[in-house]
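Next input, structure requested:
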Amino acid sequence: MLDISEIFGPTIQGEGKRVGRASIFIRFARCNLSCTGFGVEYVNQAGEKKQGCDTYYAVDPCFKQQWRKITPLQIIEEVALLSSEISYPIDIVITGGEPLLFWKRTEFQQLLKHFTAARHTITIETNASLDLQFTEPYQHEIVFSMSVKLANSAESEQKRINIPTIKSVLENTVNSYLKFVVDKITADQSLIEIQQITAQLPTVDVYLMPKGDTVASLNENDQAVIDLCVKHNYIYSDRTHIRVWNDERGV
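Numbers count the residues shown, from 1 in each chain. Have a look, this model is predicted:
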(Lines give C-alpha, C1' and ligand atoms only; values in the text may rest on other atoms or scores of the structure.)
Protein backbone atom coordinates (compact mmCIF):
# COMPACT_ATOMS: atom_id res chain seq x y z
CA MET A 1 0.00 0.00 0.00
CA LEU A 2 1.14 3.52 -0.79
CA ASP A 3 0.37 6.74 1.09
CA ILE A 4 -1.33 9.18 -1.25
CA SER A 5 -2.38 12.75 -0.50
CA GLU A 6 -4.19 13.40 -3.79
CA ILE A 7 -4.44 12.43 -7.45
CA PHE A 8 -5.68 15.08 -9.87
CA GLY A 9 -5.76 16.26 -13.48
CA PRO A 10 -5.67 16.56 -16.36
CA THR A 11 -4.04 19.93 -15.86
CA ILE A 12 -0.72 21.47 -16.87
CA GLN A 13 2.69 21.16 -15.35
CA GLY A 14 3.25 24.56 -13.78
CA GLU A 15 7.01 24.66 -13.40
CA GLY A 16 10.34 23.28 -14.50
CA LYS A 17 11.54 21.72 -17.74
CA ARG A 18 8.15 20.36 -18.83
CA VAL A 19 6.11 23.43 -17.94
CA GLY A 20 2.86 23.73 -19.86
CA ARG A 21 2.61 20.01 -20.63
CA ALA A 22 -0.71 18.30 -19.99
CA SER A 23 -0.22 16.23 -16.84
CA ILE A 24 -1.83 14.11 -14.18
CA PHE A 25 -0.39 14.51 -10.68
CA ILE A 26 0.06 11.73 -8.14
CA ARG A 27 0.92 13.41 -4.86
CA PHE A 28 2.47 11.14 -2.25
CA ALA A 29 2.10 11.88 1.44
CA ARG A 30 4.96 12.20 3.93
CA CYS A 31 8.26 14.06 3.69
CA ASN A 32 11.65 13.92 5.38
CA LEU A 33 11.81 17.74 5.49
CA SER A 34 9.51 20.42 6.92
CA CYS A 35 10.89 23.58 5.26
CA THR A 36 9.41 25.98 7.78
CA GLY A 37 11.54 28.73 6.23
CA PHE A 38 9.22 28.86 3.21
CA GLY A 39 6.75 30.54 5.54
CA VAL A 40 3.43 29.21 4.25
CA GLU A 41 1.06 29.68 7.18
CA TYR A 42 -1.63 27.11 7.89
CA VAL A 43 -3.71 25.67 10.70
CA ASN A 44 -3.25 21.94 11.17
CA GLN A 45 -5.88 19.39 12.18
CA ALA A 46 -5.09 20.00 15.86
CA GLY A 47 -5.87 23.70 15.46
CA GLU A 48 -2.24 24.77 15.73
CA LYS A 49 -0.87 27.62 13.61
CA LYS A 50 2.25 26.45 11.78
CA GLN A 51 4.54 27.29 8.86
CA GLY A 52 5.89 25.04 6.15
CA CYS A 53 5.97 24.49 2.41
CA ASP A 54 3.05 25.05 0.05
CA THR A 55 2.11 21.34 0.18
CA TYR A 56 1.98 21.19 3.98
CA TYR A 57 -1.13 18.99 3.77
CA ALA A 58 1.03 16.24 2.25
CA VAL A 59 3.85 16.75 4.76
CA ASP A 60 2.41 17.37 8.23
CA PRO A 61 1.29 14.05 9.82
CA CYS A 62 -1.60 15.93 11.40
CA PHE A 63 -3.27 15.66 7.99
CA LYS A 64 -2.85 11.88 7.73
CA GLN A 65 -6.59 11.34 8.15
CA GLN A 66 -6.90 12.93 4.71
CA TRP A 67 -4.29 10.59 3.23
CA ARG A 68 -5.22 7.30 1.58
CA LYS A 69 -3.45 3.95 1.65
CA ILE A 70 -4.07 2.47 -1.77
CA THR A 71 -2.56 -0.10 -4.09
CA PRO A 72 -0.65 0.56 -7.31
CA LEU A 73 -3.57 -0.92 -9.27
CA GLN A 74 -5.98 1.56 -7.66
CA ILE A 75 -3.67 4.44 -8.60
CA ILE A 76 -3.38 3.17 -12.16
CA GLU A 77 -7.16 2.88 -12.42
CA GLU A 78 -7.68 6.43 -11.09
CA VAL A 79 -5.18 7.82 -13.57
CA ALA A 80 -6.85 5.88 -16.39
CA LEU A 81 -10.22 7.33 -15.43
CA LEU A 82 -8.87 10.89 -15.25
CA SER A 83 -7.20 10.53 -18.65
CA SER A 84 -10.01 8.61 -20.34
CA GLU A 85 -10.68 11.41 -22.80
CA ILE A 86 -6.98 11.95 -23.58
CA SER A 87 -5.82 10.30 -26.80
CA TYR A 88 -2.07 10.39 -26.09
CA PRO A 89 0.29 9.33 -23.26
CA ILE A 90 -0.19 12.26 -20.90
CA ASP A 91 2.66 13.26 -18.58
CA ILE A 92 2.60 11.63 -15.15
CA VAL A 93 4.00 13.82 -12.35
CA ILE A 94 4.90 11.97 -9.16
CA THR A 95 5.25 14.51 -6.42
CA GLY A 96 4.76 15.00 -2.70
CA GLY A 97 5.65 15.36 0.07
CA GLU A 98 8.73 13.40 -0.85
CA PRO A 99 7.98 10.49 -3.20
CA LEU A 100 11.47 8.99 -2.94
CA LEU A 101 10.58 7.87 0.57
CA PHE A 102 8.79 5.08 -1.34
CA TRP A 103 11.50 4.38 -3.94
CA LYS A 104 12.58 1.06 -2.41
CA ARG A 105 9.03 -0.30 -2.22
CA THR A 106 7.97 -2.86 -4.81
CA GLU A 107 4.58 -1.11 -5.16
CA PHE A 108 6.23 2.19 -6.08
CA GLN A 109 8.39 0.52 -8.70
CA GLN A 110 5.30 -1.20 -10.12
CA LEU A 111 3.84 2.25 -10.80
CA LEU A 112 6.98 3.46 -12.54
CA LYS A 113 7.27 0.33 -14.63
CA HIS A 114 3.60 0.49 -15.70
CA PHE A 115 3.59 4.15 -16.75
CA THR A 116 6.95 3.86 -18.49
CA ALA A 117 5.79 0.81 -20.45
CA ALA A 118 2.68 2.76 -21.48
CA ARG A 119 5.00 5.49 -22.91
CA HIS A 120 4.05 8.20 -20.44
CA THR A 121 6.76 10.71 -19.57
CA ILE A 122 7.25 10.41 -15.81
CA THR A 123 8.58 13.31 -13.77
CA ILE A 124 9.49 12.67 -10.16
CA GLU A 125 9.58 15.89 -8.17
CA THR A 126 12.02 15.34 -5.31
CA ASN A 127 14.21 17.22 -2.88
CA ALA A 128 16.98 14.73 -3.83
CA SER A 129 18.15 14.38 -0.23
CA LEU A 130 17.58 10.62 0.11
CA ASP A 131 19.92 7.83 -1.01
CA LEU A 132 18.87 6.25 -4.28
CA GLN A 133 20.03 3.41 -6.53
CA PHE A 134 19.17 2.63 -10.14
CA THR A 135 18.61 -1.10 -10.59
CA GLU A 136 16.05 -1.38 -13.42
CA PRO A 137 16.21 -0.19 -17.07
CA TYR A 138 12.94 1.77 -16.93
CA GLN A 139 14.27 3.91 -14.08
CA HIS A 140 16.70 5.55 -16.49
CA GLU A 141 13.78 6.97 -18.51
CA ILE A 142 12.43 9.06 -15.63
CA VAL A 143 12.83 12.84 -15.48
CA PHE A 144 13.93 13.88 -12.00
CA SER A 145 13.02 17.45 -11.10
CA MET A 146 15.42 17.91 -8.21
CA SER A 147 14.24 20.80 -6.08
CA VAL A 148 17.24 20.87 -3.78
CA LYS A 149 16.54 22.96 -0.70
CA LEU A 150 18.68 25.96 0.20
CA ALA A 151 19.24 27.64 3.55
CA ASN A 152 16.06 29.67 3.07
CA SER A 153 14.13 26.46 3.77
CA ALA A 154 15.43 26.55 7.38
CA GLU A 155 16.59 22.93 7.08
CA SER A 156 20.15 21.95 8.03
CA GLU A 157 22.63 21.54 5.19
CA GLN A 158 23.45 17.99 6.30
CA LYS A 159 19.81 17.01 5.99
CA ARG A 160 18.96 18.73 2.70
CA ILE A 161 22.07 18.31 0.50
CA ASN A 162 23.00 14.87 -0.86
CA ILE A 163 25.59 15.29 -3.60
CA PRO A 164 26.01 11.54 -4.27
CA THR A 165 22.28 11.20 -4.99
CA ILE A 166 22.22 14.22 -7.29
CA LYS A 167 25.26 12.86 -9.16
CA SER A 168 23.67 9.43 -9.44
CA VAL A 169 20.49 10.89 -10.94
CA LEU A 170 22.43 12.96 -13.47
CA GLU A 171 24.63 10.02 -14.44
CA ASN A 172 21.70 7.62 -14.85
CA THR A 173 19.10 9.78 -16.60
CA VAL A 174 19.04 12.13 -19.58
CA ASN A 175 16.61 14.99 -18.96
CA SER A 176 16.80 15.48 -15.20
CA TYR A 177 17.58 18.92 -13.82
CA LEU A 178 17.99 21.10 -10.73
CA LYS A 179 15.44 23.60 -9.46
CA PHE A 180 15.98 26.03 -6.61
CA VAL A 181 13.47 28.21 -4.76
CA VAL A 182 14.83 31.73 -4.34
CA ASP A 183 13.51 34.85 -2.61
CA LYS A 184 14.71 38.43 -2.93
CA ILE A 185 15.88 38.79 0.67
CA THR A 186 18.30 35.85 0.56
CA ALA A 187 19.05 35.90 -3.19
CA ASP A 188 22.77 36.69 -2.80
CA GLN A 189 23.32 33.91 -0.26
CA SER A 190 21.25 31.52 -2.39
CA LEU A 191 23.49 32.24 -5.37
CA ILE A 192 26.58 31.30 -3.35
CA GLU A 193 24.93 28.04 -2.27
CA ILE A 194 23.81 27.18 -5.81
CA GLN A 195 27.30 27.77 -7.15
CA GLN A 196 28.81 25.62 -4.40
CA ILE A 197 26.41 22.78 -5.21
CA THR A 198 26.76 22.90 -8.98
CA ALA A 199 30.56 23.09 -8.76
CA GLN A 200 30.47 19.50 -7.51
CA LEU A 201 28.27 18.22 -10.34
CA PRO A 202 28.43 17.46 -14.05
CA THR A 203 26.83 19.98 -16.40
CA VAL A 204 23.13 20.30 -15.63
CA ASP A 205 20.24 22.63 -16.43
CA VAL A 206 19.55 24.86 -13.42
CA TYR A 207 16.13 26.45 -12.96
CA LEU A 208 15.46 29.21 -10.43
CA MET A 209 11.92 29.66 -9.17
CA PRO A 210 10.53 32.49 -7.02
CA LYS A 211 9.38 31.61 -3.53
CA GLY A 212 5.65 31.98 -2.98
CA ASP A 213 2.35 30.16 -2.74
CA THR A 214 0.17 33.05 -3.97
CA VAL A 215 0.36 35.48 -6.89
CA ALA A 216 1.14 38.30 -4.46
CA SER A 217 4.08 36.46 -2.90
CA LEU A 218 5.44 35.46 -6.32
CA ASN A 219 5.31 39.10 -7.37
CA GLU A 220 7.47 40.01 -4.39
CA ASN A 221 10.29 37.70 -5.46
CA ASP A 222 10.12 37.15 -9.23
CA GLN A 223 12.21 40.14 -10.38
CA ALA A 224 15.10 39.24 -8.07
CA VAL A 225 15.06 35.70 -9.44
CA ILE A 226 14.91 36.90 -13.05
CA ASP A 227 17.91 39.16 -12.38
CA LEU A 228 19.93 36.19 -11.10
CA CYS A 229 18.99 34.11 -14.13
CA VAL A 230 20.00 36.80 -16.59
CA LYS A 231 23.30 37.55 -14.86
CA HIS A 232 24.38 33.96 -14.24
CA ASN A 233 22.88 32.00 -17.15
CA TYR A 234 20.24 30.10 -15.18
CA ILE A 235 16.74 29.30 -16.46
CA TYR A 236 13.79 31.12 -14.95
CA SER A 237 10.86 28.94 -13.92
CA ASP A 238 7.65 30.67 -13.02
CA ARG A 239 4.92 28.87 -11.07
CA THR A 240 2.22 28.92 -13.73
CA HIS A 241 -0.34 27.03 -11.69
CA ILE A 242 -0.17 29.72 -8.99
CA ARG A 243 -0.44 32.52 -11.56
CA VAL A 244 -3.62 30.91 -12.92
CA TRP A 245 -5.25 29.34 -9.85
CA ASN A 246 -3.50 31.16 -6.97
CA ASP A 247 -3.33 28.75 -3.97
CA GLU A 248 -6.23 26.52 -5.01
CA ARG A 249 -5.52 22.80 -4.59
CA GLY A 250 -6.02 20.02 -7.10
CA VAL A 251 -5.62 21.98 -10.35
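
Next, Ile4: phi, psi?
phi -120, psi 130 (degrees, to the nearest 10).

With the one 3 residues further on instead?
Taking degrees, to the nearest 10, you get phi -130, psi 130 for the backbone angles of Ile7.

what's Arg30 in contact with, if anything?
3, 58-59, 61, 96-98, 101 (CB atoms under 8 Å, 6 or more residues apart in numbering). Just so you know, the C-beta spots here come from the backbone N, C-alpha and C atoms, and that holds for glycine as well.

Next, format these as JSON lines and append secondary structure and neighbour count.
Compiled in JSON lines, these are given as follows (DSSP: H, G, I helix; E, B strand; the rest coil; neighbours: other CB atoms under 10 Å):
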{"residue": "Asp3", "secondary structure": "strand", "neighbour count": "17"}
{"residue": "Ala58", "secondary structure": "helix", "neighbour count": "24"}
{"residue": "Val59", "secondary structure": "coil", "neighbour count": "22"}
{"residue": "Pro61", "secondary structure": "helix", "neighbour count": "12"}
{"residue": "Gly96", "secondary structure": "coil", "neighbour count": "26"}
{"residue": "Gly97", "secondary structure": "coil", "neighbour count": "27"}
{"residue": "Glu98", "secondary structure": "coil", "neighbour count": "23"}
{"residue": "Leu101", "secondary structure": "helix", "neighbour count": "18"}
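
so which of these would you say is closest to Ile70?
Distance to Ile70, by CB to CB, is smallest for Asp3 among the contacts of Arg30, at 8.6 Å.

Helix or strand: which one has the residue nearest in space to the middle of the chain?
Centre of the chain computed as the mean C-alpha position; nearest residue by CA atoms, centre = their mean is Glu125, 3.1 Å away. Using DSSP states H and E, Glu125 sits in strand 122-126.

by contact count, what packs against that strand?
strand 91-95, helix 106-117, strand 143-146 (3 or more CB pairs under 8 Å, 6 or more residues apart in numbering; DSSP states H and E).

Let me know how buried Tyr57 is, in neighbour terms.
20 (other CB atoms under 10 Å).

Distance of the residue lying closest to it once chain neighbours are set aside relative to Ile70?
The spatial neighbour of Tyr57 that comes closest, neighbours along the chain excluded (CB to CB, 6 or more residues apart in numbering), is Phe63 at 4.8 Å. Counting by CB to CB, to the nearest Å, the gap from Phe63 to Ile70 is 16 Å.

try Glu6
Glu6 sits 11 Å away from Ile70, going by CB to CB.

Same check on Val40?
Here the criterion is CB to CB. By it, Val40 lies 27 Å from Ile70.

between those two, who's got more neighbours?
Neighbours of Val40 and Ile70, each counted by other CB under 10 Å, are more numerous for Val40; the result is 19 against 16.

The more buried one is in contact with Tyr56, isn't it?
Yes. Counting by CB atoms under 8 Å, Val40 sits close enough to Tyr56 to count as a contact (6.1 Å).

Thanks a lot, catch you later.
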